[in-house]
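>>> Requesting a structural model of the entry that follows:
(4 chains)
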Protein chains: 2
Amino acid sequence: MFNQFRNKLPLTDEKWIEYTNHFNRIEVPAKTILLEEGEISKKLFIIEKGCIRVWFNNNGKDLTTQFFFENQSVASIESFMKKFPSPVVIETIESSVLWWISRDDLNKILEEIKEIPEMRDRLFDMLFERTFDYMKHFVSFIKDSPTQRYLNLIKERPQIVQRVPQHYIASYLGVSTVHLSRIKSKLVQKK
Amino acid sequence: MFNQFRNKLPLTDEKWIEYTNHFNRIEVPAKTILLEEGEISKKLFIIEKGCIRVWFNNNGKDLTTQFFFENQSVASIESFMKKFPSPVVIETIESSVLWWISRDDLNKILEEIKEIPEMRDRLFDMLFERTFDYMKHFVSFIKDSPTQRYLNLIKERPQIVQRVPQHYIASYLGVSTVHLSRIKSKLVQKK
DNA sequence: GGCAGACGATAACATTTGTTATTATTTTTT
DNA sequence: AAAAAATAATAACAAATGTTATCGTCTGCC
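Below is the predicted model of the structure:
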């Protein structure tokens, strides 16, 4: 599972083995809730197989804010880092194979890792990338029509369109399920 | 100008003086363009007095994505860090007093600062905060109506409503200028 | 094999939002 | 002080999007 990271990270084999020992493998069915709303997040997950969505309840409707697939890590970051009650729910979409690590273990590892300049810079880069992603996403809301946002999604994150039920995608794009269905049928007509 | 930071940063006086010497003070009138679209950003600005917006041209209309006020730092981050042509324009709204530092000088300082654990952690925290901010902003687009977003703005960033011309705020909220005007008049009626 | 629930398409209607044009007011420039 | 430019409100109409309801299909489960 972790081989994909191994080549990229400048760690000794001993360190590597020590770190990976902190991870725990679990298998869960579809629609498993990994973190409840209001719960304080204690685990960060890495997806070996499957997919996950992050959502929250807004006046009885659930709004999906993020999707995650293989090899991505997932947590309610604000809750995980700052020990706040999580504003969001983390839930599997497909049946999944996951690895999780506790906050304490991860923090210990992070503290060690930050001392290695190369790793530290990589962490900064990752954080920057995350920030850019959110920025782009926000910009697309003031720049693009819902139809354009859907086309962007097909192009840039085809996995979402292929693997995620449509009504989850609708709220992610900021439109109703009915309207997303309309968007799709109009696109088919034009072809 | 930099006294506000001084107490918070664990640096020696010598280091402090060395660092602040890299900053240059300028005064510019309103509507001064600090970075053109397509230009590679070489300066990061700190605002002593005044305010700034970041915007880009989309099919002839300019869309504002960010506002900055006193004591905030401003750059087209992606362009500044990665030497990409800037996708955005940086422009003063009011006449302003600014301090700028070159990329090379800032990078040197950052490399030094990252070696101080306390400073390094502070940098991580700042980056995290930025990420959270964008996340919140994105969520408000799928969660809130334009009216609600405007009310949020009044509450959370009153400076924007007070100091920024309304047509810039409209695009920031993702609505037309006409509609923002309608939103305001409806809110007045309800009171 | 049948049943229940999840999922998605569609129609009809209501509401929101955008567009274009006009006007008034304020601010800046000359 | 006058002229020009920027800003904001409003009306009338067009287009986009939401809501509610209905129906059909598919899937997993017993």
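>>> use CA for all of it now, contacts and neighbours both
Fine.
>>> What's the local residue count around whichever residue of chain A sits closest to DNA strand D?
Of the residues in chain A, the one nearest DNA strand D is A:V175, at a distance of 3.5 Å by Cα to the nearest atom of the strand. As a burial measure, A:V175 scores 16 neighbours (other Cα atoms under 10 Å in any protein chain shown).
>>> which stretches of chain A form strands?
Counting by DSSP state E, one finds strands in chain A at the ranges A:24-28, A:33-35, A:43-49, A:52-58, A:61-68, A:73-74, A:89-92, A:96-102.
>>> nearest to B:V89, of the ones you listed?
strand A:61-68 (28.8 Å; Cα to Cα).
>>> Now do the closest one: which elements does it pack against?
When contacts are defined as 3 or more Cα pairs under 8 Å, 6 or more residues apart in numbering or on different chains; DSSP states H and E, strand A:61-68 sits against strand A:52-58, helix A:166-173, helix B:117-143.
>>> would you list those in a markdown table and tack on distance to DNA strand C and mean pLDDT?
Shown next, in a markdown table, are the helices and strands packed on strand A:61-68 (distance: least, Cα to the nearest atom of the strand, whole Å; pLDDT from 0 to 100):
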| stretch | distance to DNA strand C | mean pLDDT |
| --- | --- | --- |
| strand A:52-58 | 12 | 95 |
| helix A:166-173 | 3 | 97 |
| helix B:117-143 | 10 | 92 |
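>>> do you know which of those lies nearest A:N7?
Here helix B:117-143 is closest among those (Cα to Cα), at 24.9 Å.
>>> So which elements touch the closest one?
Packed against helix B:117-143 by the contact rule (3+ Cα pairs under 8 Å, 6+ apart) you find strand A:61-68, helix A:117-143, helix A:166-173.
>>> need the residues of chain A near DNA strand C, please.
A:V164, A:P165, A:Q166, A:H167, A:Y168, A:V178, A:H179, A:L180, A:S181, A:R182, A:K184, A:S185 (Cα under 7 Å from any atom of the strand).
>>> The first one touches A:I93, doesn't it?
Yes - the pair formed by A:V164 and A:I93 meets the contact definition of Cα atoms under 8 Å, at 7.3 Å.
>>> Around chain B, pick out the residues from chain A.
A:58, A:63, A:65, A:78, A:124, A:127-128, A:130-132, A:134-135, A:137-139, A:141-143, A:171-175 (Cα under 8 Å from any Cα of the partner chain).
>>> for chain A, which residue is closest to the average position?
With distances taken as Cα atoms, centre = their mean, the residue of chain A nearest its centroid is A:F68 (3.8 Å).
>>> Bridged to it, which residues?
Applying DSSP bridges to A:F68 yields these beta-bridge partners: A:I52.
>>> contacting residues for it?
Neighbouring residues of A:F68 by Cα atoms under 8 Å, 6 or more residues apart in numbering or on different chains: A:I47, A:C51, A:I52, A:R53, A:V74.
>>> which of those tops the neighbour count?
A:I52 (27 neighbours).
>>> sorry, back to before: so which of A:V164 and A:I93 has more stuff around it?
Between A:V164 and A:I93, counted using other Cα under 10 Å, A:I93 has the larger neighbour count: 23 against 17.
>>> can I see the domain layout of chain A?
Annotated domains of chain A cover A:3-116, A:145-191 [automatic domain parsing].
>>> Distance from the last one to the middle of the chain?
Looking back up the chat, that one is domain A:145-191. 19 Å (Cα atoms, centre = their mean, to the nearest Å).
>>> and if you look at the longest one?
Chain-centre distance of domain A:3-116: 8 Å, with Cα atoms, centre = their mean.
>>> Is that domain positioned near DNA strand D?
No - judged by Cα under 7 Å from any atom of the strand, domain A:3-116 stays clear of DNA strand D, getting no closer than 8.2 Å.
>>> A:W55 against A:F67, yeah?
No - counting by Cα under 8 Å, A:F67 is not a contact partner of A:W55; they are 9.2 Å apart.
>>> list the buried ones in the worst-scoring helix or strand of chain A on mean pLDDT?
Least confident helix or strand, chain A: helix A:3-6 with a mean of 78, by mean pLDDT, DSSP states H and E. When burial is assessed from 16 or more other Cα atoms under 10 Å in any protein chain shown, helix A:3-6 yields no buried residues.
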